[in-house]
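> Next one to model:
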Amino acid sequence: MRQDHKKAVLTECSLPAALEAVGERWSFLILRGVFNGLHHFEEFQSTLGIARNILSNRLARLVEHEILQREPDPADRRKVAYRLTEKGRELLPVLIALRQWGERWVSGVPSNPVLVDRQSRRPVAPMTVVSADGRPLSLSELEWMDLSEVGET
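Residues are numbered from 1 along each chain as shown. Just a heads-up that it's a prediction; the model follows:
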């Protein structure tokens, strides 16, 4: 890769902005909770054991970045429920990939409970980078290109 392309990858990449929105341990654990049915401040606090001030800050940041939305709880209008937005739902593959990476490289054992496909009742496949035609790709098969040089996506 040319030096100017390397610089562009590091300066024009959206990864820093994405990490600013969610790249923190508690934010990922809150998202895991929402993906698994937690919706209320008290549920997050008691399940995660997170300090109330940190939880309040992280929830506010996730709402600010439109990953979660606050809405009155239909069962108790005095309570606020946190729900995933479309933007938030699209983080599911990120969380699954991190969990699978952790199982392989950190804990060394499969997590319990196991995430399965509801229809087949089988564990989800390992997350991988795939080509536009569905082929799994390794790092050696990838390269960064300027957007102006890329064909149809």
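
> Quick check, central residue of this structure?
Ranked by distance to the mean C-alpha position of the chain (Cα atoms, centre = their mean), the top residue is residue 91 at 3.4 Å.

> State the distance from the closest residue in space to it that isn't next to it in sequence to residue 17.
Nearest residue to residue 91, sequence neighbours excluded (Cβ to Cβ, 6 or more residues apart in numbering): residue 31, at 6.1 Å. Every C-beta, even on glycine, is put in place using the N, C-alpha and C of the backbone. Noted for residue 31: a distance of 17 Å to residue 17, by Cβ to Cβ, to the nearest Å.

> Neighbour count for these two, which is higher?
Taking other Cβ atoms under 10 Å, residue 31 and residue 17 do not tie; residue 31 has more neighbours (22 against 10).

> if we can go back for a sec, show me the contacts for the residue nearest to residue 91.
Residues near residue 31 by Cβ atoms under 8 Å, 6 or more residues apart in numbering: 22, 62, 67, 88, 91, 95.

> Turn those residues into a markdown table, including secondary structure.
Shown next, in a markdown table, are the contacts of residue 31 (DSSP: H, G, I helix; E, B strand; the rest coil):
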| residue | secondary structure |
| --- | --- |
| 22 | helix |
| 62 | helix |
| 67 | coil |
| 88 | helix |
| 91 | coil |
| 95 | helix |
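
> And the helices in this protein, which stretches?
Secondary structure of the chain by DSSP state H: the helices cover 3-12, 15-22, 25-35, 41-48, 52-64, 86-89, 92-102.

> deepest of those, which one?
helix 25-35 (a mean of 18; mean count of other Cβ atoms under 10 Å).

> got the angle for it vs helix 41-48?
Helix 25-35 and helix 41-48 are oriented at 110 degrees to each other (axes from the mean of the first three to the mean of the last three Cα atoms, to 10 degrees).

> In CSV, list the C-alpha atoms belonging to helix 25-35.
C-alpha atoms of helix 25-35 as CSV (Å, rounded to 0.1, in the frame of the first residue of the first chain):
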residue,chain,number,x,y,z
ARG,A,25,-16.6,-2.1,28.4
TRP,A,26,-19.8,-0.9,30.2
SER,A,27,-21.4,0.2,26.9
PHE,A,28,-20.9,-3.2,25.4
LEU,A,29,-22.3,-4.9,28.5
ILE,A,30,-25.4,-2.6,28.5
LEU,A,31,-25.9,-3.5,24.8
ARG,A,32,-25.6,-7.2,25.6
GLY,A,33,-28.2,-6.7,28.3
VAL,A,34,-30.6,-4.9,25.9
PHE,A,35,-30.1,-7.7,23.3
